[in-house]
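K.L.:
Show me the folded form of this:
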Amino acid sequence: MKTILSLLLICLPITLFAQTNTQYLEGAVPLKDGKVTFTSEISIPGLSQKQIYETILQWANKRFQPDETFNDRVLYQNPEDGDIVIGGEEYLTFTNTSFSLDRTRIYYMMRISCLPEKCNINITRIRYWYNEARDGGEKYTAEEWITDEYGLKKNKQKLSRVTGKFRKKTIDRKDYIFNKIESLLK
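P.N.:
Coordinates of the predicted model:
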């Protein structure tokens, strides 16, 4: 009896580790007109369009600044319509150990439409530049890399071995951005 219990206790962490979080599975990467497009509508009762716009623009101008590594920046701003368009560029890091650094550069376009008591966010035009230091690297679009067709195994119950890490980190980054904007406004 003790051996069976010991075996179960040893196998339990393995089975828990092997499961994929359902937030990354089928339907997690939406397509709009054939393009990967993440959207969110944030409701902020009591705030005017101007207040929402100014808060987000201040954050965006501080957060998206070109430097020697990245060329991310605010591309367009229109206070009358409440529109802000951002070109994002950053690293998604898969593993970072003393022996290995596995990461990709991600590019995306983010449009934020500020309205009275709400804002709409769209993240689209997602592209990756992987292994950029090796012979120019490999370039992929989100449509050919992280959709349900490519980012999941055939049974749609697990992430694909290679493209799944891109899918997971992209969804995590999208969630981080949406949550950050929501926390700014609340």
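
K.L.:
how far does stretch 27-34 sit from the chain's center?
P.N.:
If you compare the mean C-alpha spot of stretch 27-34 with that of the full chain, they lie 13 Å apart, counting by CA atoms, centre = their mean, to the nearest Å.

K.L.:
And for stretch 140-151?
P.N.:
Between the centre of stretch 140-151 and the centre of its chain there are 13 Å (CA atoms, centre = their mean).

K.L.:
Quick one: residues in contact with it.
P.N.:
Stretch 140-151 is contacted by residues 26-27, 29, 31, 34-36, 126-128, 130, 156, 159-160, 163-164, 166-167, 170 when judged by CB atoms under 8 Å, 6 or more residues apart in numbering. For glycine as for every other residue, the C-beta is placed from the backbone atoms N, C-alpha and C.

K.L.:
Now the terminal residues of that stretch, how far apart.
P.N.:
For stretch 140-151, the separation between the terminal residues is 13 Å (CA to CA, to the nearest Å).

K.L.:
pLDDT averaged over that stretch, what's the number?
P.N.:
Rounded to a whole number, the mean pLDDT of stretch 140-151 is 94.

K.L.:
for stretch 160-178, same thing?
P.N.:
In this model, stretch 160-178 has an average pLDDT of 95.

K.L.:
check contacts around I123.
P.N.:
When contacts are counted by CB under 8 Å, 6+ apart, I123 touches 37-39, 88, 108-110, 174, 177.

K.L.:
quick revisit: filter the contacts of stretch 140-151 down to just the ones in strands.
P.N.:
Applying DSSP state E to the contacts of stretch 140-151, the entries found in strands are 31, 35-36, 126-128, 130.

K.L.:
can you redo these as TSV with distance to E54 and neighbour count?
P.N.:
Below are the ones in strands among the contacts of stretch 140-151 laid out as TSV (distance: CB to CB, whole Å; neighbours: other CB atoms under 10 Å):
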residue	distance to E54	neighbour count
L31	33	13
K35	30	13
V36	30	22
I126	27	25
R127	30	18
Y128	33	24
Y130	37	19
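
K.L.:
out of those, what pair is the most spread apart?
P.N.:
Longest distance between any two of these is 21.6 Å, between L31 and Y130; criterion CB to CB.

K.L.:
Could you report the distance from Q65 to Q157?
P.N.:
According to CB to CB, to the nearest Å, Q65 and Q157 sit 41 Å apart.

K.L.:
okay, stretch 163-178 in PDB with CA atoms only?
P.N.:
As requested, C-alpha coordinates have been extracted for stretch 163-178 and formatted as PDB (Å, rounded to 0.1, in the frame of the first residue of the first chain):
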ATOM      1  CA  THR A 163       4.800  27.500 -31.900                       C
ATOM      2  CA  GLY A 164       3.000  27.000 -28.700                       C
ATOM      3  CA  LYS A 165       5.500  29.000 -26.700                       C
ATOM      4  CA  PHE A 166       4.900  31.900 -29.100                       C
ATOM      5  CA  ARG A 167       1.100  31.600 -28.600                       C
ATOM      6  CA  LYS A 168       1.400  31.400 -24.800                       C
ATOM      7  CA  LYS A 169       3.700  34.400 -24.500                       C
ATOM      8  CA  THR A 170       1.700  36.500 -26.900                       C
ATOM      9  CA  ILE A 171      -1.500  35.800 -25.000                       C
ATOM     10  CA  ASP A 172       0.300  36.600 -21.800                       C
ATOM     11  CA  ARG A 173       1.600  39.900 -23.200                       C
ATOM     12  CA  LYS A 174      -1.900  40.900 -24.500                       C
ATOM     13  CA  ASP A 175      -3.400  40.200 -21.100                       C
ATOM     14  CA  TYR A 176      -0.600  42.200 -19.400                       C
ATOM     15  CA  ILE A 177      -1.300  45.200 -21.700                       C
ATOM     16  CA  PHE A 178      -5.100  45.100 -21.300                       C
END
